[in-house]
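**Student:** Pasting the sequence and the predicted coordinates here, then a few questions.
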Amino acid sequence: MIEVYAPASIGNFAVGFDALGAALAPIDGSLLGDVAVVSAAPSDEFVCSGEYAHKLPSDPNENLAYQCLVHFRAHVAPNMPSVKLELKKNLPIGSGLGSSACSVVATFAALDKFAHTNLSQVELIELMADFEAIVSGGRHYDNITPCYLGGLQLTGDLIPDKSIALPVDENWYYVAAFPGFSLNTAKARSVLPKELSMHAGVEFAQRLSAFSSLLLTQRFDDALSIMQDDIAEPYRAPLITGFNEAKASLPALGAEIVSISGAGPTLFTVCKTLEAAEKCAQWLEQHYINEQGFCHICKLDNDGTRQLNVL
């Protein structure tokens, strides 16, 4: 049996629409992500368990993880023995935490290990992006790549090996708050402008390139000072109840930035101290999330997708 864990991630990371993503690791040691378990079986079998399994279609053919198994057997490892694939769905659907990416990444990574196909990093990322596109409507890497590789990743088709790891200040904390309701990714994309003005395009390019360069030269405070989302946040914020109030209130508690994680509705903050992160988390628990929501103080998950055990 092979059990593989894939962590939640923050897509866009404010300044990097469809290009920047960060994997999350709660500081309390809990696993915030999905798990795929592959074991030998008399015939192919699929089971979906976990806290959010009931939110997925009951028909295996409509489940993204099962679709990954069918594709893997048909196109990657036709001689692989029959398997039982269990997806432990621990992330809410439509949360803005890379939930579909978690399912895809964990499944393909587990199948690759089980079948000993030894796909390269780029081959796996491309395969994962193909199936993430089924949900998101395009081959976006900003959840797939950090989920798989860990850390903060600048990622895309124009980048060699699909990704460049960017350093961050090790003192930074990230507060991720899921309010308890879902936001359909397609709906969140539909409100975005179809075109950018020349001015907006140039400013986006300058901001992302400067942010990346400042991180690479360890000018972390300067990087934080230009960390804002002018591409998606202004259009998505009205879809997320309570976001504008949080963005107005949290800086006074120590949040250096408040922005939307991926397509939302999860928001995230960057804080320089644990005390500030705790204050932000307390406010969010009281004012932003409902009984179905959650809030985690995190560091970056630098390990990315990993095998939990071999039995």
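**Tutor:** That came through, no problem.

**Student:** Name the residues of stretch 213-226 that are buried.
**Tutor:** Under the neighbour-count criterion of 16 or more other Cβ atoms under 10 Å, stretch 213-226 has 214-215, 220, 223-224 buried. Placement of C-beta: from N, CA and C, glycine included.

**Student:** Hmm, Lys89 is touching Ala53, no?
**Tutor:** Yes - counting by Cβ atoms under 8 Å, Ala53 is a contact partner of Lys89 at 4.7 Å.

**Student:** about what we covered before: identify the farthest-apart pair in the buried residues of stretch 213-226.
**Tutor:** Leu215 and Leu224 (9.8 Å; Cβ to Cβ).

**Student:** in the protein, which spans are strands?
**Tutor:** Here the chain has its strands, by DSSP state E, at 2-7, 9-11, 20-26, 33-40, 45-49, 83-88, 152-155, 163-166, 173-178, 255-260, 267-271, 294-300, 306-310.

**Student:** Look up the closest residue to the most far-flung residue of the chain relative to its centre, ignoring the ones flanking it.
**Tutor:** Using Cα atoms, centre = their mean, the residue of the chain lying farthest from its centre is Pro42. It sits 34.1 Å away. On the basis of Cβ to Cβ, 6 or more residues apart in numbering, the spatially nearest residue to Pro42 that is not a chain neighbour turns out to be Ser82, at 6.2 Å.

**Student:** Distance-wise, check the one you found relative to His199.
**Tutor:** 57 Å (Cβ to Cβ, to the nearest Å).

**Student:** out of those two, which sits in the busier spot?
**Tutor:** The neighbour comparison of Ser82 against His199 (other Cβ atoms under 10 Å) goes to Ser82, with 11 against 8.

**Student:** what are the phi and psi angles of the more buried one?
**Tutor:** phi -60, psi 150 (degrees, to the nearest 10).

**Student:** how about it, what does it touch?
**Tutor:** Residues counted as contacts of Ser82 (Cβ atoms under 8 Å, 6 or more residues apart in numbering) are 40-45.

**Student:** Need the buried ones from those selected in PyMOL.
**Tutor:** Buried residues within these, by 16+ other Cβ under 10 Å, are selected in PyMOL with:
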select buried, resi 44
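
**Student:** Tell me which other helices or strands the one helix or strand in the chain whose mean pLDDT sits lowest touches.
**Tutor:** The weakest-scoring helix or strand in the chain, judged by mean pLDDT, DSSP states H and E, is strand 306-310 (a mean of 82). Judged by 3 or more Cβ pairs under 8 Å, 6 or more residues apart in numbering; DSSP states H and E, strand 306-310 is in contact with strand 2-7.

**Student:** Need the nearest residue in space to His140, chain neighbours excluded.
**Tutor:** Closest residue to His140 apart from its sequence neighbours, by Cβ to Cβ, 6+ apart: Asp18 at 5.1 Å.

**Student:** Likewise for Ser49?
**Tutor:** Per Cβ to Cβ, 6+ apart, closest to Ser49 is Lys88, 5.4 Å.

**Student:** mind listing what the one you found touches?
**Tutor:** The neighbourhood of Lys88, defined by Cβ under 8 Å, 6+ apart, consists of 34-37, 49-50.

**Student:** tell me the contacts of Cys298?
**Tutor:** So Cys298 contacts 24-27, 32, 173-176 (Cβ under 8 Å, 6+ apart).

**Student:** Let's see that with 7 Å instead.
**Tutor:** When contacts are counted by Cβ atoms under 7 Å, 6 or more residues apart in numbering, Cys298 touches 24-27, 174, 176.
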